[in-house]
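Peer 1: sequence first, predicted coordinates after that:
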Amino acid sequence: MEILAGINAPEVIATIFYAFLGLGLMIISYIIIDALTPFSLHEELSGKANTAVAIVMGSVMISLSILIANVINS
């Protein structure tokens, strides 16, 4: 089992933990942004297929993921 010899279990557990932490923070931020907007993001994105809202939310999620990744790495 030379292939698995280089795997460090605490690093794998930490990676999984930080992945779920980042995912949780992204979900919480989506809920907060949805509460702050005067319209329903879910309805605009899935019901009305509003491309402008999708582009804005996509850019917000990308910027938040970059920020969360930098905080986790520091």
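Peer 2: Perfect, I can see it now.
Peer 1: okay, CA-based contacts and neighbour counts for the rest of this
Peer 2: Noted.
Peer 1: can you give me the neighbour number for Leu41?
Peer 2: Leu41: 20 surrounding residues under other CA atoms under 10 Å.
Peer 1: pretty sure it sits against Asp34.
Peer 2: Yes. Using CA atoms under 8 Å, Leu41 is in contact with Asp34, at 5.8 Å.
Peer 1: quick one: the helices in the protein?
Peer 2: Counting by DSSP state H, the chain has helices at residues 9-36, 41-42, 51-73.
Peer 1: among the ones you listed, which is the most enclosed?
Peer 2: Highest mean neighbour count among those (mean count of other CA atoms under 10 Å): helix 41-42, with a mean of 16.
Peer 1: and that one, how far from the chain's centre?
Peer 2: Remark: helix 41-42 is offset 16 Å from the chain centroid, using CA atoms, centre = their mean, to the nearest Å.
Peer 1: what lies in contact with it?
Peer 2: In this structure, residues lying in contact with helix 41-42 by CA atoms under 8 Å, 6 or more residues apart in numbering are Asp34, Val53.
Peer 1: ok, Val53 - contacts?
Peer 2: Counted by CA under 8 Å, 6+ apart, Val53 has contacts Leu41, Glu44, Leu45.
Peer 1: recalculate using a threshold of 6 Å.
Peer 2: By CA atoms under 6 Å, 6 or more residues apart in numbering, the contact list for Val53 is empty.
Peer 1: any idea how far Ser65 is from it?
Peer 2: Look at Val53 and Ser65: by CA to CA, to the nearest Å, they are 18 Å apart.
Peer 1: cool, Leu23 as well?
Peer 2: 9 Å.
Peer 1: local confidence estimate at the residue nearest the centre of the chain?
Peer 2: Computing the C-alpha centroid of the chain and ranking residues by CA atoms, centre = their mean puts Met26 first, at 3.7 Å. On the pLDDT scale, Met26 is placed at 86.
Peer 1: also the one 4 residues further on?
Peer 2: Per-residue confidence for Tyr30 comes out at a pLDDT of 89.
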